[in-house]
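Enquirer: The sequence and its predicted three-dimensional model are supplied below.
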Amino acid sequence: MDDERFDGLYLNVAQQARGIEPLLDTVFSFLRRKTDFFSGPPGSGDNGTQIAMEKVNEVLQKHAKIYQDQQQQQKKKQTKKNEINSARCVTL
């Protein structure tokens with residue numbers, strides 16, 4: 001699922017933050033200061049931070065897999081395109 005609703009906002013923040021690490025730092029700073037993200041859901045006790053870290057890893061792994069799948073698809077398309085071009089050159 002690609003949610004592009006906030007792309008302009010994130011691009012603006014990324015440009016102002018001047019890099020990926022500073023961008024991530026601002027996101028986690030916001031979550032720490034303005035939400036209960038690090039304290040975890042009600043009843044999580046002292047495990048809130050651990051639950052937050054697991055959630056971040058879960059989402060990161062999801063998007064890493066999407067990226068890897070897209071890269072693999074692009075390679076397949078490029079290979080097929082190269083094969084078609086090679087076949088055309090041979091028949092000419």
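Expert: Happy to help now that I have it.
Enquirer: can you list the residues that contact the host helix or strand of residue 28?
Expert: Following DSSP states H and E, one finds residue 28 within helix 20-34. Here helix 20-34 makes contact (C-beta atoms under 8 Å, 6 or more residues apart in numbering) with 10, 13, 14, 17, 37, 38, 52. From N, CA and C alone the C-beta is placed, and that goes for glycine too.
Enquirer: List buried members of those by neighbour count.
Expert: Among these, those classed as buried by 16 or more other C-beta atoms under 10 Å are 17, 37, 52.
Enquirer: Could you pull up the residues touching residue 50?
Expert: Here residue 50 is in contact with residue 40 (C-beta under 8 Å, 6+ apart).
Enquirer: picking that back up, can you lay out the contacts of helix 20-34 as a markdown table showing pLDDT, distance to residue 24 and secondary structure?
Expert: Compiled in a markdown table, these are given as follows (pLDDT from 0 to 100; distance: C-beta to C-beta, whole Å; DSSP: H, G, I helix; E, B strand; the rest coil):
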| residue | pLDDT | distance to residue 24 | secondary structure |
| --- | --- | --- | --- |
| 10 | 92 | 11 | helix |
| 13 | 93 | 11 | helix |
| 14 | 93 | 10 | helix |
| 17 | 95 | 9 | helix |
| 37 | 94 | 14 | coil |
| 38 | 94 | 15 | coil |
| 52 | 94 | 14 | helix |
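Enquirer: So residue 43 versus residue 28, what's the distance?
Expert: 23 Å (C-beta to C-beta, to the nearest Å).
Enquirer: Revised request: answer the last question for residue 19.
Expert: Relative to residue 28, and taking C-beta to C-beta, residue 19 is found at 14 Å.
Enquirer: Compare these two (neighbour count), which wins?
Expert: Ranked by neighbour count (other C-beta atoms under 10 Å), residue 19 and residue 28 place residue 28 first, with 14 against 10.
Enquirer: what about that one, distance to residue 82?
Expert: From residue 28 to residue 82 the distance is 43 Å (C-beta to C-beta).
Enquirer: element containing the residue nearest the centre of the chain, please.
Expert: With distances taken as C-alpha atoms, centre = their mean, residue 63 lies nearest the centre of the chain, 4.4 Å away. Assigned by DSSP H and E, residue 63 belongs to helix 48-91.
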